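*Asks:* no sequence for this one, just the structure:
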C-alpha cells in the first residue's frame, strides 16, 4: 500500500515533460497566432504552455512577423487592408497602419527599421517606417504580388508576382524597381541566402524553383546585374521553402507529390527527393541544421526528417489540417497550427530513455481561434529585445 504512491511518484518524475529553462523574472517567450476567422491574435506563454491572451486586431488577420530589434509584433489584416502593431511586453495593439488592397504577408528588415507588405489586389508593395509607424511609399510591381521578402543586408526586396509569372527586385534605398524578371509559373514563396547574393522562388504552377542572382558589387567595384540563373525541376506544386541556417541546402515542400526536394544552393542542383507525408505545406529547420520538420496537411501529421541521415525518422500525429510551424527558443518544442481544428499542437523533443525510447512526444494541444493562419515566436527580456 505504501509503495503504490511512491512508485506513482517515481513514474511521474521519470515520464514528466521538462519545462523551459528559467531565464529569470524579466524573461518572456510568447507565440503569436493569427486567427483568420476570429479577427484575433492568440498569445501563448511558452514558459507555461497556456493561452495568455487573445488580442482583437483587424479583419481576417493572416501574416505575422516579429521585430528582432525591439519588442513588437506586426499582424497583416487582409480584410481591412492594414497592419496591427502589438507591444509584446504589454500584449496590446498600440498602432494600426493602413496599406493597400489584400495584403497577406509582412517581412521585417534585420535592423528592425522597416517592414514590407505585398498588396496582392493593388499590384504594389507598401514600405513601412517602423520607427514613425508611417508608410514611406507604395512601390508598383507586377500583378498579384503574394510576398515581399527583404534581403539580409537590407538592400533588396524580392517580390513574387503570382499573376504574371515574374519577380520584381526593389532597390530598398531608392524605393524603385530595378529589375523585373520572368521566372516560372505562379511564383510564391521566397528564400534569400544570408550573404544576400541569391534568391530562390517556388513556382507552384510549374513544379519548379527559380534561382536568381541579386545585384551586388564586387571588391573591384564591378556591378553584377540581377538575373535568373536556373529553373530547377522539383515535385508537383512546390508551396514553401525552408532554408538551412548554414545556407547550404534549401528544402522544398512539394504539396501534390507528397515529398520534399533538397536543392544544393551553391551549384543550383536538386540533390534528392524524399516522400515525407500527404500534402506537405510548411517546413522548418533546427538551428543546428540537423532536423527538418514538415506539416503534412493531408495526413494530419508532422514528419521529422534527419538531414544528416537523409531520411524520415518519425511521424507524429497532430490535429486536423496542420500548416504553420514554429520552434521555441531552446528548439525543444515544435508548435503546429491545426487550421481546421483551431488549435496549436505542442510537440516535445527529448532524450530517449529506457522506458520511453521515443524522441518526440505530444505535450499538449491549446485551443486558439477559428482558422489559425500563421505563427511567430518572440523571446525577449522586458525592457530590451532578445534576438532569436
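*Replies:* Everything's here; your move. Note that the coordinates shown come from a computational prediction; the quantities given were computed from them, not determined experimentally.
*Asks:* When you work out contacts or count neighbours from here on, use the C-alpha atoms and nothing else.
*Replies:* Noted.
*Asks:* just the helices in the protein please.
*Replies:* Ranges of helices in the chain, per DSSP state H, are 3-15.
*Asks:* give me the low-pLDDT residue ranges for it?
*Replies:* 1-22, 216-224, 354-357, 384-388 (pLDDT under 70).
*Asks:* give me that answer again for 80
*Replies:* For the chain, the stretches with pLDDT under 80 are 1-23, 216-224, 352-357, 383-388.
*Asks:* mind checking how far the closest residue to residue 142 other than its chain neighbours is from residue 195?
*Replies:* Using CA to CA, 6 or more residues apart in numbering and skipping residues adjacent in sequence, the residue nearest residue 142 is residue 161, 5.3 Å away. Relative to residue 195, residue 161 is positioned 24 Å away (CA to CA, to the nearest Å).
*Asks:* With neighbour numbers in mind, choose between these two.
*Replies:* Legend: neighbour count by other CA atoms under 10 Å for residue 161 and residue 195, higher for residue 161 (29 against 10).
*Asks:* okay but that one is in contact with residue 148, surely?
*Replies:* No. Residue 161 lies out of contact with residue 148 (CA atoms under 8 Å); the separation is 9.3 Å.
*Asks:* Pull the number of nearby residues for residue 25.
*Replies:* Residue 25, neighbours per other CA under 10 Å, totals 8.
*Asks:* how far away is it from residue 65?
*Replies:* Distance from residue 25 to residue 65, by CA to CA: 25 Å.
*Asks:* same deal with residue 54?
*Replies:* Taking CA to CA, one finds residue 54 at 17 Å from residue 65.
*Asks:* again with residue 185
*Replies:* Taking CA to CA, one finds residue 185 at 27 Å from residue 65.
*Asks:* same thing with residue 361?
*Replies:* According to CA to CA, residue 361 stands 28 Å off from residue 65.
*Asks:* Same drill for those two, tell me which one is more crowded.
*Replies:* Neighbours were counted for residue 361 and for residue 65 using other CA under 10 Å; residue 65 has more, 21 against 16.
*Asks:* for that one, what are its contacts?
*Replies:* Contacts for residue 65 (CA atoms under 8 Å, 6 or more residues apart in numbering) come out as 73, 74, 75, 106, 107, 108, 376.
*Asks:* Turn those into CSV, columns for neighbour count.
*Replies:* Output for these, formatted as CSV (neighbours: other CA atoms under 10 Å):
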residue, neighbour count
73, 23
74, 28
75, 29
106, 24
107, 22
108, 24
376, 21
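*Asks:* how long is stretch 201-211 end to end?
*Replies:* 7 Å.
*Asks:* Stretch 198-210 too?
*Replies:* 10 Å.
*Asks:* Show me what that stretch is in contact with.
*Replies:* Contacts for stretch 198-210 (CA under 8 Å, 6+ apart): 158, 160, 183-193, 211-214, 228-241, 252.
*Asks:* so how far is it from its chain's centroid?
*Replies:* Relative to the chain's own centre, stretch 198-210 is displaced by 17 Å; criterion: CA atoms, centre = their mean, to the nearest Å.
*Asks:* likewise stretch 360-368?
*Replies:* Using CA atoms, centre = their mean, the offset of stretch 360-368 from its chain centre is 19 Å.
*Asks:* which residues touch residue 340?
*Replies:* Taking CA under 8 Å, 6+ apart, one finds 319, 320, 321, 322, 370, 371 in contact with residue 340.
*Asks:* repeat for residue 175
*Replies:* With CA under 8 Å, 6+ apart, residue 175 has these contacts: 137, 139.
*Asks:* Was I right to think residue 365 contacts residue 347?
*Replies:* No. Using CA under 8 Å, residue 365 is not in contact with residue 347, being 9.0 Å away.
*Asks:* Tell me, how many residues neighbour the closest residue in space to residue 160 that isn't next to it in sequence?
*Replies:* Leaving out its chain neighbours, the residue that sits closest to residue 160 by CA to CA, 6+ apart is residue 167, at 4.8 Å. Residue 167 sits with 27 neighbouring residues when counted by other CA under 10 Å.
*Asks:* Bridging across strands, which residues link to residue 167?
*Replies:* residue 160, residue 181 (DSSP bridges).
*Asks:* cool, and residue 117?
*Replies:* For residue 117, the beta-bridge partners under DSSP bridges are residue 106, residue 126.
*Asks:* Same question for residue 228.
*Replies:* Counting by DSSP bridges, residue 228 forms beta bridges with residue 212.
*Asks:* shouldn't residue 60 be in contact with residue 41?
*Replies:* No. Counting by CA under 8 Å, residue 60 stays clear of residue 41, with 10.4 Å between them.
*Asks:* overlap in contacts of those two?
*Replies:* residue 35.
*Asks:* okay, those two: which has more neighbours?
*Replies:* The neighbour count for residue 60 versus residue 41, taken as other CA under 10 Å, is higher for residue 41 (29 against 23).
*Asks:* separation between the closest residue to that one other than its chain neighbours and residue 27?
*Replies:* Closest residue to residue 41 apart from its sequence neighbours, by CA to CA, 6+ apart: residue 34 at 4.6 Å. Using CA to CA, one obtains 23 Å as the distance from residue 34 to residue 27.
*Asks:* neighbour-wise, which of the two wins?
*Replies:* residue 34 (31 against 14).
*Asks:* What separation do you get for that one and residue 210?
*Replies:* Taken as CA to CA, the span from residue 34 to residue 210 is 30 Å.
*Asks:* again, but for residue 310
*Replies:* From residue 310 over to residue 210 (counting by CA to CA), the distance is 24 Å.
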